[in-house]
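Chemist: Kindly generate the corresponding structure for this input.
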Amino acid sequence: MAWRWASASVIGTSHIHSGERLQDAYFVAKIGKGGLFAVVSDGAGSAKFGAYGAWLVSRFLSVRFREWTRDRPDLPSDEELADWIDELRDQVSAIATRRGSTPRQFAATLAAIVVTSNETVTLHIGDSAIVGRKGTDWDVLCWPQNGEYASSTYFVTDDPEPRLNITRHPPEYDGYALFSDGVGDLALSHLEMNAHRRFFDPMFRPVDAASGEGLLVGLSGKLASYLAGPSVCERTDDDKTLVLISEC
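Modeler: Residues are numbered from 1 along each chain as shown. The predicted structure is shown next:
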């Protein structure tokens, strides 16, 4: 197995106008023997340290999965993954205490995927999403979770427990996309509860056609320009993060 990907994260126009910083964070890396890990996290706009919380979520899980797959052929069990999230929450709580703050001020969502030759595992909390390509079909592996109110969602720091969903799939997908909620209205049909092929098919063509493996720097730059362009910003003023992963 080998993978190539294009990825970008751009600040939303609403945050530019208010003088706020980019709240999204993401990470993509090859792990183990032919494996891949990717994560997208969206810091809550109402949280003072939401951007830092998103970075903490991404960094913590990327380190854990790289360490695990270095010496083990199988992925962690659901119980072990849940323990990792508890450990992450403890770290956030300790950092919040040192800053004289609360974990809620570091609130961030989570959408992560780890792919090996044996299986694909997703971890999901909140309103980011993950889709997988099987043949010509796009399956939504993690659908955005909204809270009690239309504009609310769930976070890693929620009390007493986060709404963590862990799913396992056979290795039947040759492409994946992870994205924050700023891309959700472009990529998903909330009425039909499915992924928009007319969005993903053209987005993936240059990634599929690229040579080599790993990060596609040029395409990532073009992806950032597209996400920051008027055709996208006219439809959403939120931060936008999109990771497009294709098997070589």
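Chemist: rest of the way, CA atoms for contacts and neighbours
Modeler: OK.
Chemist: Run through who's touching the lowest-mean-pLDDT helix or strand in the chain.
Modeler: Taking mean pLDDT, DSSP states H and E as the measure, helix 13-18 is the helix or strand of the chain with the lowest mean score, a mean of 88. The contact list for helix 13-18, computed with C-alpha atoms under 8 Å, 6 or more residues apart in numbering, reads Arg21, Leu22, Cys233, Asp237, Asp238, Asp239.
Chemist: hmm, which of the residues you listed are the buried ones?
Modeler: Taking 16 or more other C-alpha atoms under 10 Å as the criterion, what is buried in the contacts of helix 13-18 is Leu22, Cys233, Asp237, Asp238, Asp239.
Chemist: Correct me if wrong, but the third one is in a helix.
Modeler: It stands for Asp237. No. Applying DSSP: H, G, I helix; E, B strand; the rest coil, one finds Asp237 to be coil, outside a helix.
Chemist: And the pLDDT for the residue most central in space within the chain?
Modeler: By C-alpha atoms, centre = their mean, the mean C-alpha position of the chain lies nearest to Val40, the distance being 2.3 Å. Val40 carries a pLDDT score of 98 in this model.
Chemist: in its sheet, what does the helix or strand hosting it sit against?
Modeler: If you go by DSSP states H and E, Val40 is part of strand 35-42. Strand 35-42 sits in its sheet next to strand 24-31 (antiparallel), strand 110-115 (antiparallel), going by DSSP bridges.
Chemist: what comes into contact with the helix or strand where Ala224 lies?
Modeler: Assigned by DSSP H and E, Ala224 belongs to helix 217-227. Outside helix 217-227, the residues within contact range by C-alpha under 8 Å, 6+ apart are Ala6, Ser7, Ala8, Ser9, Val10, Pro206, Val207, Val232, Cys233, Lys240.
Chemist: Tell me what the residue nearest to the centre of the chain is bridged to.
Modeler: Following DSSP bridges, Val40 is listed with bridge partners Tyr26, Ala111.
Chemist: Could you measure from it over to Asp239?
Modeler: 12 Å (C-alpha to C-alpha, to the nearest Å).
Chemist: likewise Leu188?
Modeler: 17 Å.
Chemist: do Val92 as well
Modeler: 23 Å.
Chemist: Helices along this protein, start to end?
Modeler: 13-18, 50-71, 78-98, 181-187, 197-209, 217-227, 230-233 (DSSP state H).
Chemist: In CSV: the ones you listed, plus distance to Ala2.
Modeler: Output for the helices of the chain, formatted as CSV (distance: least, C-alpha to C-alpha, whole Å):
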stretch, distance to Ala2
helix 13-18, 36
helix 50-71, 16
helix 78-98, 25
helix 181-187, 25
helix 197-209, 12
helix 217-227, 17
helix 230-233, 31
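Chemist: which one of these lies closest to Leu244?
Modeler: Distance to Leu244, taken as C-alpha to C-alpha, is lowest for helix 197-209 among the helices of the chain, at 6.9 Å.
Chemist: For the closest one, name the packing helices and strands.
Modeler: strand 3-10, helix 181-187, strand 240-247 (3 or more C-alpha pairs under 8 Å, 6 or more residues apart in numbering; DSSP states H and E).
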